[in-house]
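> This is the structure alone, sequence omitted:
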């Protein structure tokens, strides 16, 4: 459950962003001071002079706060896969994360729930919007409670080959949905008819389908020479070798800006020629690992069985009502504290209240 925290998302960014903001504030203050010196010989209303002086002081104060923050935190926050995670000057342990209602600055509350009784058996709060990062810490904390008959279920947000490999190393049975699970399940074949369509009262724009663009078959690919030529006759750059995409080995190529920029076929080659600089194309060779060692393939096989689908379906009735109870019935629509340690305590407190209510309603209070 992703919730906003007591932090402003407008104060998020990398160290380079904060350096730029501080320079901008300092430059504005310097410009204002220069104008004031030029106008010193002219009569100025006392109120205007005081306001201008206060404005300069405020700019210098804001720039000083940013400089102090940069000194306190000398490095950027590490993100997933070696990327840089944006920092936040209000609460540097929170994170920007995308939700169904937009981008928020907050924390992700994770809960592991017993399917039979809807009791929360483990709860963590993490300052990251990536669910893949939080799976293993929660499962590791759960290990003392697991038995030989225990199996874990999680939605597609937690799915990755690395996570499945780690769970297999821990000898934990897990059913984690992959992004294509519903497409393989015949029960979801008619789900499109239940999706909300365009509002006819407000959106009068006719639906325009994207024009077909060149497909990989339209490119001249030489697997032996490992070269690729686009329909315009230009050679593409190769991006490494034996790259793995969704469990399949691929050869990937990228066009050069000097060729793609003036190319007369941009509209036929790129879906969004106004914003996409160059064309990328991939040619797949086959699975990266044999099915016996590819955990994603093994989990897919089990999920696609009637037993696996029945087991995974229990997740909807076990976890989602718990989140609904905590968020709407208990009123936790945002975290009011700052710092992961305090937010984690607040999240655990609400989970504890949920458990007390469940135990009381089942007669354990007696």
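Happy to help now that I have it. Everything numeric in this text was worked out from a predicted model, so none of it was measured.
> which secondary structure elements does the longest strand seen in the chain contact?
Counting by DSSP state E, the longest strand found in the chain is strand 102-113. Under the contact definition 3 or more C-beta pairs under 8 Å, 6 or more residues apart in numbering; DSSP states H and E, strand 102-113 sits against strand 2-4, strand 95-99, strand 120-126, helix 131-142, helix 320-324, helix 340-361. The way it works is simple: take the backbone N, C-alpha and C, and place the C-beta from them, glycine included.
> Tell me how far residue 315 lies from residue 33.
62 Å (C-beta to C-beta, to the nearest Å).
> So the two - more neighbours on which side?
residue 315 (18 against 15; other C-beta atoms under 10 Å).
> quick one: the more buried one and residue 156 touch, right?
No. Counting by C-beta atoms under 8 Å, residue 315 does not reach residue 156; the two are 11.2 Å apart.
> May I see the buried residues of the longest helix seen in the chain?
Secondary structure of the chain read by DSSP state H shows that its longest helix is helix 46-72. Within helix 46-72, the residues scored as buried using 16 or more other C-beta atoms under 10 Å are 52, 56, 59, 60, 62, 63, 66, 69.
> Just the mean pLDDT for the next helix or strand along the chain from it, thanks.
Moving toward the C-terminus from helix 46-72, the first helix or strand encountered (DSSP states H and E) is strand 77-78. Strand 77-78 shows a mean pLDDT of 82.
> Quick check: can you name the pairing partners of the helix or strand just after strand 77-78 and their directions?
Sequence-wise, the next helix or strand downstream of strand 77-78 (DSSP H and E) is strand 84-85. When pairing is defined by DSSP bridges, strand 84-85 lines up against strand 77-78 (antiparallel).
> distance between the partner strand and the chain's centre?
From the chain centre to the centre of strand 77-78 is a distance of 15 Å (C-alpha atoms, centre = their mean, to the nearest Å).
> Tell me which residues are up against it.
With contact meaning C-beta atoms under 8 Å, 6 or more residues apart in numbering, strand 77-78 is reached by 84, 85, 86, 87, 92.
> since we're on the second one, how many residues are nearby?
Number of residues near residue 85 (other C-beta under 10 Å) recorded here: 18.
> how far away is it from residue 191?
Here the distance between residue 85 and residue 191 works out to 34 Å (C-beta to C-beta).
> Equivalent analysis for the first one, please.
The spacing between residue 84 and residue 191, counted by C-beta to C-beta, is 37 Å.
> one step back: remind me what the longest helix of the chain packs against, helices and strands.
Using 3+ C-beta pairs under 8 Å, 6+ apart, helix 46-72 sits against helix 15-38.
> give me that answer again for 10 Å
helix 15-38, strand 87-88 (3 or more C-beta pairs under 10 Å, 6 or more residues apart in numbering; DSSP states H and E).
> residue boundaries of the strands in the stretch 151-300 of the chain?
For the stretch 151-300 of the chain, applying DSSP state E, counting those that start in this stretch gives strands covering 151-154, 173-176, 220-222, 227-229, 237-238, 243-245, 248-254, 280-287.
> how many other residues sit next to the closest residue to residue 240 other than its chain neighbours?
Spatial nearest neighbour of residue 240, excluding adjacent residues (C-beta to C-beta, 6 or more residues apart in numbering): residue 252 at 7.2 Å. By other C-beta under 10 Å, the residues close to residue 252 number 18.
> Ok, the one 4 residues further on next?
As a burial measure, residue 256 scores 14 neighbours (other C-beta under 10 Å).
> in this structure, what spans have low per-residue confidence?
For the chain, applying pLDDT under 70 flags the ranges 41-46, 48, 81-82, 197-211, 290-293, 364-366.
> all helices for the stretch 151-300 of the chain, in order.
Secondary structure of the stretch 151-300 of the chain (DSSP state H, counting those that start in this stretch): helices at 161-169, 181-184, 257-260, 266-269, 295-303.
> Distance from the third one to the middle of the chain?
For helix 257-260, the distance between its averaged C-alpha position and the chain's averaged C-alpha position is 31 Å (C-alpha atoms, centre = their mean).
> buried set for that helix?
In helix 257-260, the ones that count as buried by 16+ other C-beta under 10 Å are 259, 260.
> Could you list the residues in contact with that helix?
Outside helix 257-260, the residues that touch it by C-beta atoms under 10 Å, 6 or more residues apart in numbering are 230, 232-236, 254, 266, 269-270, 273, 276-279.
> Filter those residues down to the buried ones.
230, 232, 234, 236, 254, 266, 269, 270, 273, 278, 279.
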